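**Student:** pasting the structure only:
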């Protein structure tokens, strides 16, 4: 019997995934896997998480149709899954609450997290405050500058933010530092990884916690708009919001899945973060997947105007979905993303995160392949408040 | 038969062994080769040469900064083989490389193993490759008669320690403490438990203790229950502070820990 695409549970997705980490971490990964396997079938855990999502996150998130934005592109309909309306301003809270509850189940009093844009760090600090956990967030020194507001938010929430000054001083190095902390403090610490990368069970578990996005959206499209969408689109850095909205549609053959990667200055330059478009398979941060690397396997520095997409790796399930042809991944430049950010703001009164703006910008590239009237569902993964300084500079607003 | 294992076994009961780490290409390829030779001249029994890697998650700040500088100074993976060819022509100690997995995967594990063997290396320590993911590497190292060293840690279950013993050739790397590389004043008593578990699972495996070792007293203590002490950061630091002479003094000082 052919296994459904939605039923893949790791540790491997095709040849991708696995556990390429020091032996010191294996016991903690086994404990996490065991705890998660038990929790996901435990009615009490399911009810607890659902209750938090209903009363704290603000789920279900709504779908907003964006007719003026759509009309500015062509004869299509665009629907926005409003993860930006979640508490803390992005999809990240879905996974964070799930993992923070697991940390408590494992009796761990301390969580550590990495963050790029700061959204995952803010969500982690929030969950820690809510559930009474100590929280340390590692953030590249470059990112603490460009996302200073989020640093303040995390500190206000009681988290310790540690700027990482090694390597490229961005998200990749923040993950290295979090892994080093975890190796040393694994007995009382849970590493609350924020994306669908890393060693098993993270890619599967984080996907499961975000799959609520696609499950809701699929039903909402059927109930409110009468059919499944023709295209589901999302931005891809590590890939958590994309896998979250893709997953429920994996076995709907009529639905095209498109991930938009950060092309930075352009994929013909060295300054981009288009891992699936331009990288090749290798091992980084505990999993085999695509990555940006040189001939020797040294990780290359990525570049994107959006800190959240500025990552030279990507989750292993995306690597697999690309290789089997179930999802496609296209690069979107900084300039294209910023134009889309402005377009949605002016036309619909919704300011998206710069990460999310990549997904919006990519729609135009799909136009030659779309039938008139096509329905495009976009994961509006985060709001743009955190990006106001970048946007103000970029557009010369103040 | 593994030369590394032979050396450890021969030294056992005679004070034990000192295994010394130094990063290749730091501060330049030539200087790292000279450092390796000096280490062997001053009391290191087995050499462990680190291949610089962009994302060394098992390493503390001393080795991170050294390998980052090696890469910035132009270290390329192919230099590994040139360096080992020269080192093995100048010293008799077994030479292992310490490498994260992605460079090997990109080079091709079979080709990497074949070229290591061709230049006289004894094998490799792979800190982010667990036996579960290593079927290809086990085959490649077997094909070329190389050592392969896996890790056993304070949190490894008996079954996992058994797997580390069964799949390692040369010795089993007993991780002394939960943490990354770098000198520590107090070595965890956990090191003893890890070694005891290795002995339980495999009475004839050689095992050496690493992570945090930086004094002659620690080297002596470790050799009283294990088959060797592994020192890295302390040697890199000594080199940073006193060049080849500083390194020579530090190795000689720690080698005194081998006297009974």
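**Tutor:** Now that the structure is in, tell me what you want to look at. Note that the structure is a prediction, hence the values are computed from the model and not measured. Residues are numbered from 1 along each chain as shown, chains lettered A, B, ... in the order given.

**Student:** SS state for the most centrally placed residue in chain B?
**Tutor:** Geometric centre of chain B, nearest residue: residue B:48, 4.0 Å, by C-alpha atoms, centre = their mean. On the three-state scheme (DSSP: H, G, I helix; E, B strand; the rest coil), residue B:48 is labelled strand.

**Student:** ok, it touching residue B:123?
**Tutor:** No. Between residue B:48 and residue B:123 there is no contact under C-beta atoms under 8 Å: 10.2 Å. From N, CA and C alone the C-beta is placed, and that goes for glycine too.

**Student:** need the residues touching each of these two.
**Tutor:** B:96, B:97 (C-beta atoms under 8 Å, 6 or more residues apart in numbering or on different chains).

**Student:** residues in contact with residue B:122?
**Tutor:** Taking C-beta under 8 Å, 6+ apart as the definition, contacts of residue B:122 comprise B:2, B:3, B:4, B:46, B:94, B:95, B:96, B:146, B:147, B:170.

**Student:** let's see it at 7 Å
**Tutor:** B:3, B:4, B:94, B:95, B:96, B:146, B:147, B:170 (C-beta atoms under 7 Å, 6 or more residues apart in numbering or on different chains).

**Student:** and those as a markdown table, adding pLDDT?
**Tutor:** As requested, the contacts of residue B:122 are arranged in a markdown table below (pLDDT from 0 to 100):
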| residue | pLDDT |
| --- | --- |
| B:3 | 96 |
| B:4 | 98 |
| B:94 | 98 |
| B:95 | 98 |
| B:96 | 98 |
| B:146 | 98 |
| B:147 | 98 |
| B:170 | 98 |
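
**Student:** name the helices or strands packed onto the longest helix anywhere in chain B?
**Tutor:** Scanning chain B for the helix with the most residues, using DSSP state H, yields helix B:233-255. In this structure, helix B:233-255 packs against strand B:18-23, helix B:29-41, helix B:61-72, helix B:216-225, with contacts taken as 3 or more C-beta pairs under 7 Å, 6 or more residues apart in numbering or on different chains; DSSP states H and E.

**Student:** next up, identify which helix or strand whichever residue of the stretch 251-398 of chain A sits closest to chain B is on.
**Tutor:** The minimum distance from the stretch 251-398 of chain A to chain B, using C-beta to the nearest C-beta, falls at residue A:297 (3.4 Å). For residue A:297, there is no enclosing helix or strand under DSSP states H and E.

**Student:** give me the neighbour count for the nearest residue to residue B:176 once chain neighbours are set aside.
**Tutor:** For residue B:176, ignoring the flanking residues on the chain, the nearest one in space by C-beta to C-beta, 6 or more residues apart in numbering or on different chains is residue B:191 at 3.8 Å. Counted with other C-beta atoms under 10 Å in any protein chain shown, the neighbours of residue B:191 add up to 25.

**Student:** beyond the strand or helix carrying residue B:191, next helix or strand please.
**Tutor:** Taking DSSP H and E as the definition, residue B:191 sits inside helix B:190-201. Using DSSP H and E, the helix or strand that follows helix B:190-201 in sequence is strand B:207-210.

**Student:** so does that next one get close to chain A?
**Tutor:** No. Applying C-beta under 7 Å from any C-beta of the partner chain, one finds strand B:207-210 separated from chain A by no less than 12.1 Å.

**Student:** any stretches of chain A with poor pLDDT?
**Tutor:** Within chain A, the ranges that satisfy pLDDT under 70 run A:1-2.

**Student:** packing partners of the lengthiest strand in it?
**Tutor:** Longest strand in chain A, counting residues (DSSP state E): strand A:256-264. If you count contacts as 3+ C-beta pairs under 7 Å, 6+ apart, strand A:256-264 packs onto strand A:231-236, helix A:275-278, strand A:327-333, helix A:354-366.
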